[in-house]
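Student: dropping the sequence and predicted coords here.
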Amino acid sequence: MISYVLLTSMVLGIIYNGCSYLKNEHHAKIMPHKIAISGFLLMAILVVFFKFSTLEKINLIVGMVGWLFFISGFFAEGFSKGGIIVTPNSLFISIFVRWNDIKNLKFTKLKNGNHLVNLKISGWDIRQVYGEEESKILKNFSKNK
């Protein structure tokens, strides 16, 4: 029973993050450390399933849906005219933040031409990476708040 409750809540989270993705006009790039963490998590799920579980299919399904829920937050990040969508490190659910609620927006140019954007929302320090064109648009949106 617990597995089905977890499965249902994670599927709803994936749908919510997917809707957030569709609301964005511009999407953030996924940072390499997030790709590494998600790969490590996937490997850990598979090892735990095959090594330590009873090999019931529902356990693998819950693990894989949990992993999809985890990475769906990465894909949801981006911005539009109304605000920016972030996924804080402690949550897997994306959060929409209006431009007026953002503090300390800083841009840093990376070696590969992308821009690292640091912003502070409530108690969270958020980092996102955007391309050259997206970072120019983001600067304009944030100045017009």
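Tutor: Nice, I can see it.

Student: which pLDDT value belongs to K136?
Tutor: K136 is assigned 88 on the pLDDT scale.

Student: what's around it, how many residues?
Tutor: 13 (other C-beta atoms under 10 Å). Placement of C-beta: from N, CA and C, glycine included.

Student: distance-wise, check it relative to S53.
Tutor: In this view, K136 and S53 are 49 Å apart by C-beta to C-beta, to the nearest Å.

Student: which residues in the chain form helices?
Tutor: When assigned using DSSP state H, the helices of the chain occupy the ranges 2-23, 32-52, 57-76, 132-143.

Student: residue farthest from the centroid of this protein?
Tutor: In the chain, T54 marks the outermost C-alpha relative to the chain mean, sitting 31.2 Å out by C-alpha atoms, centre = their mean.

Student: how about the helix-or-strand element of the chain with minimal mean pLDDT: buried residues?
Tutor: One helix or strand of the chain scores below all others by mean pLDDT, DSSP states H and E: helix 132-143, with a mean of 84. Neighbour-count burial for helix 132-143, with 16 or more other C-beta atoms under 10 Å as criterion, is recorded at E134, S135, L138, F141, S142.
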